[in-house]
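Participant: No letters, just coordinates:
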């Protein structure tokens, strides 16, 4: 779902299958401690989730009590789950131009 496809106040669920997909993108690396090889794809998919939240769409994480309703909620969830996002890589989920 994109923000354009749903009115504000709508809800979206990130499924367990989607989480597994995002986790797999994050885990694909050429070596221990290296940047994920699918970093660009992961960043774009996380940006899409961020855009839903920014559009006023409530995002739930299947199998958890986590509900993302603010940018801060999204940031805490994304950086808690994908901690390497904080390590200073150029492509970042909060910046749509990199």
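Facilitator: That came through fine. Only a predicted model underlies this, so the values are computations on that prediction, with no experimental measurement involved.

Participant: Mind giving me the packing neighbours of the helix or strand that residue 80 is a member of?
Facilitator: Here residue 80, judged by DSSP states H and E, is contained in helix 71-81. Counting contacts by 3 or more CB pairs under 8 Å, 6 or more residues apart in numbering; DSSP states H and E, helix 71-81 is packed against helix 39-54, strand 67-68. Bear in mind the C-beta positions are built from the backbone N, C-alpha and C, glycine included.

Participant: Residue 62 is in contact with residue 11, isn't it?
Facilitator: No - using CB atoms under 8 Å, residue 62 is not in contact with residue 11; the gap is 12.0 Å.

Participant: Low-confidence bits of the protein, can you list those?
Facilitator: Residues of the chain meeting the criterion pLDDT under 70: 1-9, 87-98.

Participant: mind running it again at 90?
Facilitator: 1-10, 27-40, 43, 79, 82-98 (pLDDT under 90).

Participant: Which positions in the helix holding residue 80 come out as buried?
Facilitator: 74-75, 77-78 (16 or more other CB atoms under 10 Å).

Participant: distance between it and the chain's centre?
Facilitator: The chain centroid and the centroid of helix 71-81 are separated by 8 Å under CA atoms, centre = their mean, to the nearest Å.

Participant: Same check on stretch 34-46?
Facilitator: 10 Å.

Participant: And stretch 53-60, by the same measure?
Facilitator: 12 Å.

Participant: Quick one: end-to-end distance for it.
Facilitator: Stretch 53-60 has its terminal residues 10 Å apart, counting by CA to CA, to the nearest Å.
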